[in-house]
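Asks: What would the 3D arrangement of this be:
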Amino acid sequence: MNGTVRALLVKSGKGLKSASRDSVQVTECGFDGDYHAGVSGRRQILLISGSVLDQFGLEPGEIYENVVIDGFDVMSLQEGLQLRLGGALVVVTVPCEACGHMSRVRPGLKQALKDCRGMFVKVLEPGVVRIGDSVCGKSTVENSQK
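Replies: Next up, the predicted model:
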């Protein structure tokens, strides 16, 4: 499984739109400068498949994801799988459930995104991620945060 980073997005505050970045520093808490960084250890960075955005005619950042990945289905990632995300190492934690915010973006989008909203990851090793960087599975690990 190999993919490529299509887009990187940072939401700097509550109620603000996500801003596109060419590169992002990944800290122990998530994306540097992101409003949701560190809020929950299991929900630090949200990955979504580029094909999902394409399928629903959405622009990167429109549904508050942090990383858009092309090349594989993000929803196929298993909890505990380590991913090399550019220069950072992350571990897959939990799927993101489509919430009511999705229906504010577009009526019916919450239901349409059921089971394809994306996967959260937790940072294991900080690093820099850039658009065009590779995303690849490293290995599985025991996930003691269950």
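Asks: count of residues packed around the closest residue to residue 101 other than its chain neighbours?
Replies: Once flanking residues are discounted, residue 101 sits nearest to residue 64: 7.0 Å by C-beta to C-beta, 6 or more residues apart in numbering. (Glycine included, C-beta is placed from N, CA and C.) Neighbours of residue 64 under the rule other C-beta atoms under 10 Å: 20.
Asks: For this protein, name the helix or strand with the lowest mean pLDDT.
Replies: Least confident element among the helices and strands of the chain, by mean pLDDT, DSSP states H and E: strand 134-140 (a mean of 79).
Asks: What helices and strands are in contact with it?
Replies: Judged by 3 or more C-beta pairs under 8 Å, 6 or more residues apart in numbering; DSSP states H and E, strand 134-140 is in contact with strand 2-10, strand 81-85.
Asks: could I get the ones you listed as TSV with mean pLDDT, mean neighbour count and distance to residue 101?
Replies: Output for the helices and strands packed on strand 134-140, formatted as TSV (pLDDT from 0 to 100; neighbours: other C-beta atoms under 10 Å; distance: least, C-beta to C-beta, whole Å):
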stretch	mean pLDDT	mean neighbour count	distance to residue 101
strand 2-10	97	20	15
strand 81-85	97	21	24
